[in-house]
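**Student:** Just need the structure, nothing else, for what follows:
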Amino acid sequence: MTSRQRLDDNPVLRMALSCAERGWPVFPCLWDSKVPLTRHGYLDASTDPDQVTKWFARHPHRNLAVATGAPGPDVLDIDYRGPAAHGFPALRRLRAAGLLDGAAAQVRTPGGGRHVYFTGSAQRTAHLAEADDRPDVLRRKHVGNSREDVGRPALMRAGG
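**Tutor:** Next up is the predicted model:
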């Protein structure tokens, strides 16, 4: 099997290498899970194409995780949790205001939401304080305290 065939047959490897080429460290997790398959989780994340290929080439069913915050991306997490917690109207307002123009990529999440990726910063907050009482406010955040974002490789055109 050629390396081109391996990439064509393995969208997770293709996406992992694409993220690594952007300078976004990645690591494998159990399929459909946020459980890391490396000893130290996001601390083991890598942009080295050889390491990324070892993790994903023979394991197309592994989940792809991206370590967030510089050098990785910051992530805007949009959820839909029913009418009381519906982030998509706020997403439309952000898009209309031009605040998504700098997005590098967007991914649909398994729960029906969306993650919007931006160039990483040194930001360390888990979420915007005002969002605690406002379910319609979107959160640009490091996902959880573990500084990782996990999702299937379904990148969309930024702004899409």
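
**Student:** distance of Lys82 from Leu91?
**Tutor:** Careful, residue 82 is Gly and not Lys. Relative to Leu91, Gly82 is positioned 16 Å away (Cβ to Cβ, to the nearest Å). From N, CA and C alone the C-beta is placed, and that goes for glycine too.

**Student:** got it, and His40?
**Tutor:** From His40 to Leu91 the distance is 33 Å (Cβ to Cβ).

**Student:** So for the two, which residue has more residues nearby?
**Tutor:** Per other Cβ atoms under 10 Å, whichever of His40 and Leu91 has more neighbours is Leu91, with 19 against 9.

**Student:** Next, count neighbours for the nearest residue to that one once chain neighbours are set aside.
**Tutor:** Nearest non-adjacent residue to Leu91, counting by Cβ to Cβ, 6 or more residues apart in numbering: Ile78, 5.1 Å away. Neighbours of Ile78 under the rule other Cβ under 10 Å: 20.

**Student:** do Pro83 as well
**Tutor:** Neighbour number of Pro83 under other Cβ under 10 Å is 7.

**Student:** count of residues packed around the closest residue in space to Gly113 that isn't next to it in sequence?
**Tutor:** In this structure, Gly113 finds its nearest non-sequential neighbour in Asp79, 4.3 Å apart by Cβ to Cβ, 6+ apart. By other Cβ under 10 Å, the residues close to Asp79 number 18.

**Student:** Show me which helix runs longest in the protein.
**Tutor:** Using DSSP state H, we find that the single longest helix of the chain is helix 11-21.

**Student:** Which strands and helices lie in contact with that helix?
**Tutor:** Here helix 11-21 touches helix 3-9, strand 26-29, helix 49-56, strand 63-67, going by 3 or more Cβ pairs under 8 Å, 6 or more residues apart in numbering; DSSP states H and E.

**Student:** would you turn these into a markdown table with mean pLDDT?
**Tutor:** Formatted as a markdown table, the helices and strands packed on helix 11-21 follow (pLDDT from 0 to 100):
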| stretch | mean pLDDT |
| --- | --- |
| helix 3-9 | 58 |
| strand 26-29 | 94 |
| helix 49-56 | 96 |
| strand 63-67 | 89 |
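
**Student:** Output the ones you listed as a markdown table; include the columns distance to Gly120 and mean neighbour count.
**Tutor:** Compiled in a markdown table, the helices and strands packed on helix 11-21 are given as follows (distance: least, Cβ to Cβ, whole Å; neighbours: other Cβ atoms under 10 Å):
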| stretch | distance to Gly120 | mean neighbour count |
| --- | --- | --- |
| helix 3-9 | 25 | 12 |
| strand 26-29 | 13 | 24 |
| helix 49-56 | 18 | 17 |
| strand 63-67 | 9 | 25 |
